[in-house]
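Engineer: below are the sequence and a predicted model for it; my questions follow.
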2 protein chains.
Amino acid sequence: MNQAVLAQTIDRVAFDSAGLIAAIAQQHDTGEVLMLAWMNRDALAETLETGRVCYFSRSRNKLWRKGESSGQTQRLIELRLDCDQDAVLLMVDQTGVACHTGRRSCFYNAVRDGALVSISEPDVSPDQLYPS
Amino acid sequence: MNQAVLAQTIDRVAFDSAGLIAAIAQQHDTGEVLMLAWMNRDALAETLETGRVCYFSRSRNKLWRKGESSGQTQRLIELRLDCDQDAVLLMVDQTGVACHTGRRSCFYNAVRDGALVSISEPDVSPDQLYPS
């Protein structure tokens, strides 16, 4: 992606007052929604340039190259912007699991039969993802 | 859903400093991500109580019963909460279109071949959705 087109795309984005945009990651072939995180301008630019998803961590206040610690990277298949330009949908190919708990998706708590219950188990132990 | 369980569920949610949580709507059977919007406590409670999706409009600063003007309602199939309780995934059955532009999904701008292009056309005219 050349720099002019990249800048043009990013200039379309309506970042919030903190300079962030919400980013939904969806597994491109199964449709599973994996997680929601945030991007700033630099994270969005890096993601488009490298094809490897980079978020902005609000808790650590820095770029968060997904998988840099755990190896559970996300390869960008396609980036989509919504109608009012304040959310992006990342169609990705997720290596392993998206969730820090070791589950494939972060959305594993569901309201079923009037109660909030866990609907999936970890595929991998967090200790394996983040060895100390 | 009884009131005690409802309160218990909502108490699990980590609303942001503005009292909001990001909500992704996904068509339950096709997996299509339709939109991203926001909910406050009242919107979340009403959605769980009625089974009809209600957001909080940040621009209008009030509850936004999806489809109240356009008829394009969302029936809640299942609500899921993410690992850090600051995002919800709404599995819905969308009547008609989710986007105010008349498109099925709000995420109709995609970066393809290095340019941001529209990848879907309106199914219905906005004039039909919002007659004056």
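Structural biologist: It's in. Quick caveat: nothing in here was measured; it's all calculated off a predicted structure.
Engineer: which residues does stretch A:5-22 contact?
Structural biologist: A:1, A:36-41, A:44-45, A:48-49, A:56, A:58, A:81, A:84-88, B:22, B:36, B:109, B:111, B:114-116 (CB atoms under 8 Å, 6 or more residues apart in numbering or on different chains). For every residue, glycine as well, the C-beta is placed using N, CA and C.
Engineer: which of those residues fall in strands?
Structural biologist: Of the contacts of stretch A:5-22, the ones assigned to strands by DSSP state E are A:36-39, A:56, A:81, A:87-88, B:22, B:36, B:109, B:111, B:115-116.
Engineer: neighbour-wise, which of those leads?
Structural biologist: Most neighbours among those, by other CB atoms under 10 Å in any protein chain shown: A:Met39, with 26 neighbours.
Engineer: quick one: contacts for A:Leu48?
Structural biologist: A:1, A:6, A:9-10, A:76, A:79, B:111.
Engineer: go again using 7 Å as the cut-off
Structural biologist: Applying CB atoms under 7 Å, 6 or more residues apart in numbering or on different chains to A:Leu48 gives the contacts A:1, A:6, A:9, A:79, B:111.
Engineer: next: A:Tyr108.
Structural biologist: By CB under 7 Å, 6+ apart, the neighbours of A:Tyr108 are A:118-120, B:83.
Engineer: quick one: buried ones out of those?
Structural biologist: With burial judged by 16 or more other CB atoms under 10 Å in any protein chain shown, the buried subset of the contacts of A:Tyr108 is B:Cys83.
Engineer: pLDDT weak spots in chain A?
Structural biologist: For chain A, no stretch is flagged by pLDDT under 70.
Engineer: now it against chain B: closest residue?
Structural biologist: A:Gly31 (2.5 Å; CB to the nearest CB).
Engineer: and the residue nearest to that residue when sequence neighbours are not counted, helix, strand or coil?
Structural biologist: Once flanking residues are discounted, A:Gly31 sits nearest to B:Gly31: 2.5 Å by CB to CB, 6 or more residues apart in numbering or on different chains. Under DSSP: H, G, I helix; E, B strand; the rest coil, the three-state class of B:Gly31 is coil.
Engineer: ok, now which ones touch A:Asp84?
Structural biologist: Per CB under 7 Å, 6+ apart, neighbours of A:Asp84: A:Ala14.
Engineer: how about the residues of chain A near chain B?
Structural biologist: Those residues of chain A that sit near chain B, judged by CB under 7 Å from any CB of the partner chain, are A:1-2, A:5, A:9, A:12, A:22, A:24, A:26, A:31, A:33, A:35-36, A:48, A:78-83, A:87, A:89, A:99-101, A:106-111, A:114-116.
Engineer: returning to what we had before: near the residue of chain A closest to chain B, how many other residues are there?
Structural biologist: A:Gly31: 15 neighbours (other CB under 10 Å).
Engineer: so the spatially most central residue of chain A is in which element?
Structural biologist: With distances taken as CA atoms, centre = their mean, chain A has A:Ala25 as the residue nearest its mean C-alpha position (4.5 Å). Per DSSP states H and E: A:Ala25 is located in strand A:21-27.
Engineer: please name the strands paired to that strand in the sheet, noting orientation.
Structural biologist: strand A:33-39 (antiparallel), strand A:87-94 (parallel) (DSSP bridges).
Engineer: hey, C-alpha coordinates of it in CSV?
Structural biologist: What follows is strand A:21-27, C-alpha atoms only, in CSV (Å, rounded to 0.1, in the frame of the first residue of the first chain):
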residue,chain,number,x,y,z
ILE,A,21,-11.0,3.8,17.0
ALA,A,22,-12.8,0.6,18.1
ALA,A,23,-11.6,-2.5,16.1
ILE,A,24,-13.5,-5.7,15.8
ALA,A,25,-11.5,-8.8,14.8
GLN,A,26,-13.5,-11.5,12.9
GLN,A,27,-12.1,-14.8,11.7
